[in-house]
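**Q** Here's a sequence, model it:
(one chain, ligands or ions: 1)
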Amino acid sequence: MIFTKNNISSDLERAWQNDKDHVIHPYANYERFHEDGSVVYTKGDRHFIYDDKDRKYLDGIAGLWCVNIGHGNVEMAAHIGEQAKNLAYFNTFEDATSPSAANLAAKLASLCPGSLNHVFFGTGGSMANDSAIKIVHYYFNMLGMPKKKKILSRNLGYHGSTYLAHALTGISSTHIGFDLPKDMITYLSAPYPYRRPDEMTIQEFCDSLIEEMEHKILELGPETIACFIAEPIMGAGGVIVPPDGYLIKAYELCKKYNILVIADEVVTAFGRLGHLVASKEKFDVQPDIIVLAKGLSSGYIPLGATVISETIHKVISRPKPENPYFSHGFTYSGHALACATGLKNIEIMEREDFCGHVRTVGPYFKKQLKTLEDLPVVGEVRGSHFMLALEYVKDKRTKESFPAEINIGKRIYHSAKKRGLIIRPIGPINVLSPPLTYDKDAIDETVDIMKKSILETMNDLSKEGHL
Ligand SMILES: Cc1ncc(COP(=O)(O)O)c(C=O)c1O
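**A** Got it, this is the predicted structure:
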């Protein structure tokens, strides 16, 4: 369809209506959706996004933590077009492959630490986490340890929305109404320093988390526990940075009790923290499996990957007497166009040194955002590099939260949107996770809009008698 002046608004209005009538949105808010419908976004350019009225916004969330190289990259668009002309798709079941699937797997093996050399492809993070758990269970079955099935996850961890990935997710409010397969999952406490018990130092809090973990392992019986799954920094749970040393100690416990570790790097990889893969380079830990998605293809085409160690691969790739197949796979595993997108994405990120840019500019971003802690409702600004959040409180001294129905994060989101900035509201928290093209100008404008939006919201709350 070619948009002309005469048809553009009616076509976009039709799209708005069609959406309202027919699309089931992920995490739709049915309090408002039937009335308000959706905002139709029509185009993007680096860290800017435009709506159907041609209003321009700073995309402070990279789509959804994923458009890492920025919107509208013409080199990527041309490459996708060329690859689609050559070969968009052929399956990779059993004995078929494509150059892009093969070469992306080799590239990921070179980027992931240690012996993580084998890659199972899917279309997103949830599927990659599901695959990781299936592989872990299969691995222990093959080793003759069928009792090793239980999974340690954490409150506030986010791992996706398929049946199992949702169950791995420790955000309990999202479980309501769904019968998720939670029997094999134990949720440990979130490593949430801001919300630690008042009397504890951060170090004591860290020690208490590790003690809790070891206690749980012994209570469940290590012989029944297959794996521990963790994001190095929790994302959707509220950008929760664990205390220093927490990850290293948790990984040590897993090693001690023969529990495999799955690092869910769906958000933290591909530059957001200044590294293509963060586990080893930033956190000095060596997982058995790394789960990748989002920034892997910068969201240009859906793509996810489960990268496993040589040790696990050796076992799962042994033919079984009853069935020589590894009977797990999806139509779109190793999708040629998606893998070509992933390869091009990494090529662009490396050539243009996006990680170097994030390492340079990230501390400035956090420092500027931290100035907002001077405002009475900003309890904490936290995070690292291009993964940041603000948590709002009614009383800074006691850290008392606002009542949920005040929806403070959503109010500030609306106020910022009006001023041309899109942020993500998660309860009393706003997340900032922009494209890695964000520069100092974008950061300064973001901080300025955040300040005005928080002040406006405080003013409204005060008029309503909430402050
Ligand atoms: C850490 C993490 N893991 C997994 C997922 C699920 O990925 P997807 O939505 O692509 O299935 C997400 C999505 O936000 C995520 O943040």
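
**Q** residues making contact with the longest helix anywhere in the chain?
**A** The residue-count maximum for a helix in the chain (DSSP state H) belongs to helix 440-463. Outside helix 440-463, the residues that touch it by CB atoms under 8 Å, 6 or more residues apart in numbering are 47, 58, 60, 361, 364-365, 368-369, 371-372, 375-378, 390, 392, 406, 408, 411-412, 415-416, 419-421, 423, 430, 432, 434, 438, 467. The C-beta positions use only the backbone N, C-alpha and C, and glycine is treated the same way.

**Q** Quick one: buried ones out of these?
**A** 47, 58, 60, 361, 365, 368-369, 372, 375, 377-378, 390, 392, 406, 408, 411-412, 415-416, 421, 423, 430, 432, 434, 438, 467 (16 or more other CB atoms under 10 Å).

**Q** can you tell me the residue of the chain closest to the ligand?
**A** Gly125 (2.3 Å; CB to the nearest ligand atom).

**Q** thinking again about what came up before, which ones among the contacts of helix 440-463 are found in strands?
**A** Leu58, Val378, Leu390, Tyr392, Leu421, Asn430, Leu432 (DSSP state E).

**Q** Not counting sequence-adjacent ones, nearest residue to the last one?
**A** Distances taken as CB to CB, 6 or more residues apart in numbering place Leu388 nearest to Leu432, at 4.6 Å, with adjacent residues excluded.

**Q** just to revisit the earlier point, pull the most distant pair out of the ones in strands among the contacts of helix 440-463.
**A** Leu58 and Tyr392 (20.4 Å; CB to CB).

**Q** circling back: columns pLDDT and distance to Trp16 on top of the ones in strands among the contacts of helix 440-463, output as CSV?
**A** Formatted as CSV, those follow (pLDDT from 0 to 100; distance: CB to CB, whole Å):
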residue, pLDDT, distance to Trp16
Leu58, 98, 23
Val378, 98, 35
Leu390, 98, 31
Tyr392, 98, 31
Leu421, 98, 22
Asn430, 98, 26
Leu432, 98, 27
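
**Q** of the residues you listed, closest to Glu231?
**A** Using CB to CB, these come closest to Glu231 at Leu432, 17.0 Å.

**Q** wait, isn't Glu245 in contact with Cys206?
**A** Wrong residue type there; residue 245 is Gly, not Glu. Yes - the pair Gly245 and Cys206 passes the contact test of CB atoms under 8 Å, sitting 5.8 Å apart.

**Q** Look at these two and report which has more neighbours.
**A** Counted by other CB atoms under 10 Å, Gly245 and Cys206 do not tie: Cys206 has more neighbours, with 21 against 14.

**Q** Which positions in the stretch 151-300 of the chain make contact with the ligand?
**A** Proximity of the stretch 151-300 of the chain to the ligand, by CB under 6 Å from any ligand atom, involves residues Tyr158, His159, Gly160, Glu231, Gly235, Ala236, Asp264, Val266, Val267, Ala293.

**Q** Helices - which of the residues you listed land there?
**A** Using DSSP H, none of those sit in helices.

**Q** Just flag the most distant two among the residues you listed.
**A** Ala236 and Ala293 (13.1 Å).

**Q** which of the two has more neighbours?
**A** Ala293 (29 against 23).

**Q** which residues touch that one?
**A** Cys66, Gly124, Gly125, Ala128, Val266, Leu303, Gly304, Ala305.

**Q** could you dump these to TSV with neighbour count?
**A** Formatted as TSV, the contacts of Ala293 follow (neighbours: other CB atoms under 10 Å):
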residue	neighbour count
Cys66	24
Gly124	21
Gly125	29
Ala128	30
Val266	29
Leu303	28
Gly304	29
Ala305	29
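
**Q** Output those in JSON lines; the columns should cover secondary structure and pLDDT.
**A** Below are the contacts of Ala293 laid out as JSON lines (DSSP: H, G, I helix; E, B strand; the rest coil; pLDDT from 0 to 100):
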{"residue": "Cys66", "secondary structure": "coil", "pLDDT": "98"}
{"residue": "Gly124", "secondary structure": "coil", "pLDDT": "98"}
{"residue": "Gly125", "secondary structure": "helix", "pLDDT": "98"}
{"residue": "Ala128", "secondary structure": "helix", "pLDDT": "98"}
{"residue": "Val266", "secondary structure": "coil", "pLDDT": "98"}
{"residue": "Leu303", "secondary structure": "coil", "pLDDT": "98"}
{"residue": "Gly304", "secondary structure": "strand", "pLDDT": "98"}
{"residue": "Ala305", "secondary structure": "strand", "pLDDT": "99"}
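
**Q** Dump those residues to CSV, plus distance to Asp448.
**A** As requested, those are exported to CSV (distance: CB to CB, whole Å):
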residue, distance to Asp448
Cys66, 25
Gly124, 34
Gly125, 33
Ala128, 37
Val266, 30
Leu303, 35
Gly304, 36
Ala305, 38
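
**Q** which stretches of the stretch 1-150 of the chain form helices?
**A** Assigned by DSSP state H, counting those that start in this stretch, the stretch 1-150 of the chain shows helices spanning 8-22, 33-36, 62-65, 74-87, 99-111, 125-142.

**Q** re earlier: do you know the pLDDT at the residue nearest to Leu432?
**A** With respect to pLDDT, Leu388 scores 98.

**Q** which SS class is it?
**A** State at Leu388, reduced to three classes by DSSP: H, G, I helix; E, B strand; the rest coil: strand.

**Q** That one and Phe365, how far apart?
**A** Per CB to CB, to the nearest Å, Leu388 is found 7 Å from Phe365.

**Q** same deal with Val381?
**A** Shown here: Val381 relative to Phe365, a distance of 10 Å by CB to CB.

**Q** Please enumerate the shared neighbours of the two.
**A** Joint contacts of Val381 and Phe365 (CB under 8 Å, 6+ apart) are Leu388.

**Q** thinking again about what came up before, format the residues of the stretch 151-300 of the chain next to the ligand as CSV; extra columns: distance to Pro181.
**A** Below are those laid out as CSV (distance: CB to CB, whole Å):
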residue, distance to Pro181
Tyr158, 17
His159, 13
Gly160, 14
Glu231, 20
Gly235, 23
Ala236, 20
Asp264, 18
Val266, 21
Val267, 24
Ala293, 21
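
**Q** Make CSV from the ones in strands among the contacts of helix 440-463 and add distance to the ligand to it.
**A** Shown next, in CSV, are the ones in strands among the contacts of helix 440-463 (distance: CB to the nearest ligand atom, whole Å):
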residue, distance to the ligand
Leu58, 21
Val378, 24
Leu390, 18
Tyr392, 22
Leu421, 21
Asn430, 16
Leu432, 15
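
**Q** I'm done for today, thanks for sticking with me.
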